[in-house]
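Visitor: kindly generate the corresponding structure for this input.
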Amino acid sequence: MDGYEATRLRRQNPHDSVRKILMIVLTASAIDGDEEKCLEAGMNDYLTKPVRLAVLKEELGQYIQTRMK
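Guide: Numbers count the residues shown, from 1 in each chain. This next block holds a predicted model:
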């Protein structure tokens, strides 16, 4: 099972608490089409390595603010 399949299965889970878990992929792979493939599988966002701490904080902050509303 790869990350795409694991994400699809999690998004199909009958329990909201599992289905709505935030999933941001952090990958060293930056091949054309990878980001679209991840988002289509159900991942919330896609970041490539090396990731800058400021970018990671910004991404997480956006999701936290959205979920706190």
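
Visitor: just give the closest residue to Arg19, not the sequence neighbours.
Guide: Asn13 (4.7 Å; CB to CB, 6 or more residues apart in numbering). For glycine as for every other residue, the C-beta is placed from the backbone atoms N, C-alpha and C.

Visitor: actually Leu47, not the one I typed
Guide: Closest residue to Leu47 apart from its sequence neighbours, by CB to CB, 6+ apart: Leu26 at 5.1 Å.

Visitor: what ranges do the helices span in the chain?
Guide: With DSSP state H, the ranges of helices along the chain come out as 3-11, 16-19, 34-41, 53-68.

Visitor: nearest to Leu47, out of these?
Guide: Proximity to Leu47 (CB to CB) singles out helix 53-68 among those, at 6.7 Å.

Visitor: how about residues contacting the closest one?
Guide: 22, 24, 44-45, 47 (CB atoms under 8 Å, 6 or more residues apart in numbering).

Visitor: do the same with stretch 9-26
Guide: 1, 3, 7, 38, 41-49, 51, 59-60, 63, 67.

Visitor: now do the same end-to-end measure for that stretch.
Guide: 19 Å (CA to CA, to the nearest Å).

Visitor: in PDB, list the C-alpha atoms belonging to the lowest-mean-pLDDT helix or strand in the chain.
Guide: Lowest by mean pLDDT, DSSP states H and E among the helices and strands of the chain is helix 53-68, with a mean of 87. Extracted in PDB, the C-alpha atoms of helix 53-68 (Å, rounded to 0.1, in the frame of the first residue of the first chain):
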ATOM      1  CA  LEU A  53      10.100  26.400   8.400                       C
ATOM      2  CA  ALA A  54       8.300  29.600   7.500                       C
ATOM      3  CA  VAL A  55       6.400  27.900   4.700                       C
ATOM      4  CA  LEU A  56       5.500  24.900   7.000                       C
ATOM      5  CA  LYS A  57       4.300  27.300   9.700                       C
ATOM      6  CA  GLU A  58       2.200  29.200   7.200                       C
ATOM      7  CA  GLU A  59       0.600  26.100   5.800                       C
ATOM      8  CA  LEU A  60      -0.200  24.700   9.200                       C
ATOM      9  CA  GLY A  61      -1.500  28.000  10.400                       C
ATOM     10  CA  GLN A  62      -4.000  28.300   7.600                       C
ATOM     11  CA  TYR A  63      -5.400  24.900   8.400                       C
ATOM     12  CA  ILE A  64      -5.500  25.500  12.100                       C
ATOM     13  CA  GLN A  65      -7.300  28.900  11.600                       C
ATOM     14  CA  THR A  66      -9.900  27.200   9.300                       C
ATOM     15  CA  ARG A  67     -10.600  24.400  11.700                       C
ATOM     16  CA  MET A  68     -10.900  26.700  14.700                       C
END
